[in-house]
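1. what's the 3D shape of this:
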Amino acid sequence: MISTKLTSSQSTSANSFVVTRHSEPGPVANISAPEPSTCRFYIDRLVQQIDPPEVKGIVGTVFQDLLRLLECVGLIENHLRQVDAAEETFTLFQLIHDEARRFVEFIRTDALNSNVLSEELTDTLDGIAFAVNHDLQRVFDSGPRGSVPDKSAQVVVGKLYRAYDILTNCLQQSTVTLSMVFDPELIGTKLFNNSNMRYRQSLQLCQDLPELIHLVEVSQQMKVEQALTTLTDRLERFRGEGMEYLMYSDWSQFESFCEMIDLSKMQPNELETVLHQFRCYLETLLGQVRMRNVLADVFPLGIGEEENCQVLTKLAENSASFAGSLDSHEAGAWREFAFAV
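-> Numbers count the residues shown, from 1 in each chain. Just a heads-up that it's a prediction; the model follows:
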């Protein structure tokens, strides 16, 4: 079990982040008594219904660690904009990283080696371990670690928010996925309602998808290798930084198009058809994103394409003014975080 205490003062000390793990799994632990309809209350009831006891113990420990990690990440949220305390915030992220590594190790060495788990549960836990490990690498290989005094405030805040969003999304998705093994009818929003994070992610997609559509159109018109190289490079960056904000069901189709475009470099006759299909697909994705409830006030139902462009332009201008003091090098680093804060 992971437990934590994080002060809410302006200057947060890493020493206030206390972590312990107990060897005996038990019910999902609570900082305070759970209220009906809350995520913790739902998970606690779900675990109590699991049988046999051996499975309940393993699943209870996994849920317990996921929720504690989410609490740790959530407690950092109020400190993301405090650039003066960035070093301490980075340290807290590192502590979360270390505990998440131990969580992954528990699944791989204890849970998956148990002979009491069903095939579905084993596959689910294996997938959770892979996903958490993968996103830890994404965040900490290039994210919040090390010294930050040489970076602008905007870049620091952007990196912190990106780390927060990735870890929160991963841990929540893992919690929902494991819950659905025992409650297949579960709807994810019953457990988590991240309207602020979804808003930032959706705006990021509203910036990224039109950019991809433009690059596809340029590749269609120019039909030269340089244009296609620019497109594939941008696709690769999107796959690493923005694809996770799409619905999970869209990931495989997007990846499929990326592979076809890569192969089309050597098959010129097929390139035009593939690019046309991909552009239509991206336009459909963009339309779906703009219909998300969190963007209802940004893209009202029935708004035209011209008005949509005006809205995006205004959002971009606001973002540009926020980063207006950056030099060219810093601006490039900040651009990827423009809609993440």
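
2. distance of Phe182 from Phe254?
-> The spacing between Phe182 and Phe254, counted by Cβ to Cβ, to the nearest Å, is 30 Å. Backbone N, C-alpha and C define where each C-beta goes, glycine included.

3. So which of these two has more stuff around it?
-> Neighbours of Phe182 and Phe254, each counted by other Cβ atoms under 10 Å, are more numerous for Phe254; the result is 19 against 14.

4. and the closest residue in space to Thr177 that isn't next to it in sequence, what pLDDT?
-> With Cβ to Cβ, 6 or more residues apart in numbering as the measure, Thr124 is the residue that lies nearest to Thr177, at 6.1 Å, once sequence neighbours are left out. According to the predicted model, the pLDDT of Thr124 comes to 93.

5. Look up which helix or strand the nearest residue to Thr230 once chain neighbours are set aside falls in, please.
-> By the measure of Cβ to Cβ, 6+ apart, the closest residue to Thr230 outside its immediate chain neighbours is Leu215, 6.2 Å from it. Counting by DSSP states H and E, the secondary-structure element that holds Leu215 is helix 195-222.

6. Does anything pack onto the helix or strand following that helix? Which helices or strands?
-> Of the helices and strands lying after helix 195-222 in sequence (DSSP H and E), the nearest is helix 225-241. If you count contacts as 3 or more Cβ pairs under 8 Å, 6 or more residues apart in numbering; DSSP states H and E, helix 225-241 packs onto helix 195-222, helix 248-264.

7. Out of those helices, which is the most enclosed?
-> The highest average neighbour count among the helices and strands packed on helix 225-241, using mean count of other Cβ atoms under 10 Å, belongs to helix 195-222 at a mean of 18.

8. and that helix with helix 225-241, angle?
-> Taking axes from the mean of the first three to the mean of the last three Cα atoms, to 10 degrees, helix 195-222 and helix 225-241 form an angle of 170 degrees between their directions.

9. Can you check what angle separates helix 195-222 from helix 248-264?
-> Orientation note: helix 195-222 sits at an angle of 20 degrees relative to helix 248-264 (the same axes, to 10 degrees).

10. Quick check: mean pLDDT of helix 195-222?
-> The pLDDT scores in helix 195-222 average 88.

11. secondary structure class for the residue nearest to Tyr199 when sequence neighbours are not counted?
-> Of all residues not flanking Tyr199 in the chain, Val294 sits nearest, at 4.5 Å (Cβ to Cβ, 6+ apart). State at Val294, reduced to three classes by DSSP: H, G, I helix; E, B strand; the rest coil: helix.

12. how close does Val294 get to Ser174?
-> Using Cβ to Cβ, Val294 is found at 22 Å from Ser174.

13. what's the domain layout of this protein?
-> 14-193, 198-335 (automatic domain parsing).

14. Going by mean pLDDT, which of those domains comes out lowest?
-> Averaging pLDDT over each of the domains of the chain singles out domain 198-335 as the lowest, with a mean of 73.

15. tell me, how many neighbours does Leu160 end up with?
-> Leu160 - counted by other Cβ under 10 Å - has 27 other residues nearby.

16. thinking again about what came up before, and among the domains of the chain, the most buried is which?
-> Among the domains of the chain, judged by mean count of other Cβ under 10 Å, the one packed with the most neighbours on average is domain 14-193 (a mean of 17).

17. residues contacting the residue nearest to Thr177?
-> Counting by Cβ atoms under 8 Å, 6 or more residues apart in numbering, Thr124 touches 177-178, 181.

18. what angle separates the longest helix along the chain from helix 248-264?
-> With secondary structure taken from DSSP state H, the chain has its longest helix at helix 153-182. Interaxial angle of helix 153-182 relative to helix 248-264 (the same axes, to 10 degrees): 110 degrees.

19. just checking, what packs against helix 153-182?
-> Contact here means 3+ Cβ pairs under 8 Å, 6+ apart; on that basis helix 153-182 packs against helix 39-48, helix 53-76, helix 86-106, helix 119-142, helix 195-222, helix 328-335.

20. now do 6 Å
-> Using 3 or more Cβ pairs under 6 Å, 6 or more residues apart in numbering; DSSP states H and E as the contact test, the elements touching helix 153-182 are helix 53-76, helix 119-142, helix 328-335.

21. Reformat those helices as CSV; add distance to Phe238.
-> Output for these, formatted as CSV (distance: least, Cβ to Cβ, whole Å):
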stretch, distance to Phe238
helix 53-76, 24
helix 119-142, 14
helix 328-335, 13
